[in-house]
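Enquirer: okay, here's the prediction I keep looking at, along with the sequence it came from:
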Amino acid sequence: MSLAMRIVHLATDYGLSSLGGAAIASTRLHNALVAAGGDSHYICIRQFEDGPNVHELPPKGTFSRWFHHQLTRLSR
């Protein structure tokens, strides 16, 4: 199966050992898309385990602070 679209997941955490249910669900979705041949990438602030196409943002920096603020604001 070949998926033609590029998918980018934006989340605070990545990994099945994460404490959040949304992080676990999005990790499973990302891994399934990659296994199916999809061009899926996962951008996170905290990476609890290794995974394909997972990009952890540096802990300090303007974009990282902005991204974390947006996620916090949206989760209220």
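Expert: That came in fine, so what should we check first?
Enquirer: for the protein, what's the longest helix?
Expert: With secondary structure taken from DSSP state H, the chain has its longest helix at helix 21-35.
Enquirer: name the helices or strands packed onto the very next helix or strand once past that one?
Expert: Next helix or strand after helix 21-35 toward the C-terminus (DSSP states H and E): strand 39-47. Applying 3 or more CB pairs under 8 Å, 6 or more residues apart in numbering; DSSP states H and E, we find strand 39-47 packed against strand 6-14, helix 21-35, strand 54-56, helix 62-74. The way it works is simple: take the backbone N, C-alpha and C, and place the C-beta from them, glycine included.
Enquirer: comparing these by mean pLDDT, which bottoms out?
Expert: Ranked by mean pLDDT, the helices and strands packed on strand 39-47 bottom out at helix 62-74, which scores a mean of 72.
Enquirer: okay, and the beta partners of the spatially most central residue of the chain?
Expert: The residue lying closest to the centre of the chain (CA atoms, centre = their mean) is residue 42, at 3.6 Å. Note on residue 42: beta-bridge partners by DSSP bridges are residue 9, residue 54.
Enquirer: can we start the residue count at 256 from this point?
Expert: All right, first residue 256 from here; so that's residue 297.
Enquirer: ok, it - contacts?
Expert: 263-264, 266, 269, 281-282, 285, 306, 308-310 (CB atoms under 8 Å, 6 or more residues apart in numbering).
Enquirer: of those, which is the nearest to residue 323?
Expert: Among the contacts of residue 297, residue 266 lies closest to residue 323 (CB to CB), at 11.0 Å.
Enquirer: isn't that closest one up against residue 277?
Expert: Yes: with contact defined as CB atoms under 8 Å, residue 266 and residue 277 form a contacting pair (7.2 Å).
Enquirer: neighbour count winner among these two?
Expert: residue 266 (20 against 12; other CB atoms under 10 Å).
Enquirer: kind regards, and thank you for your time.
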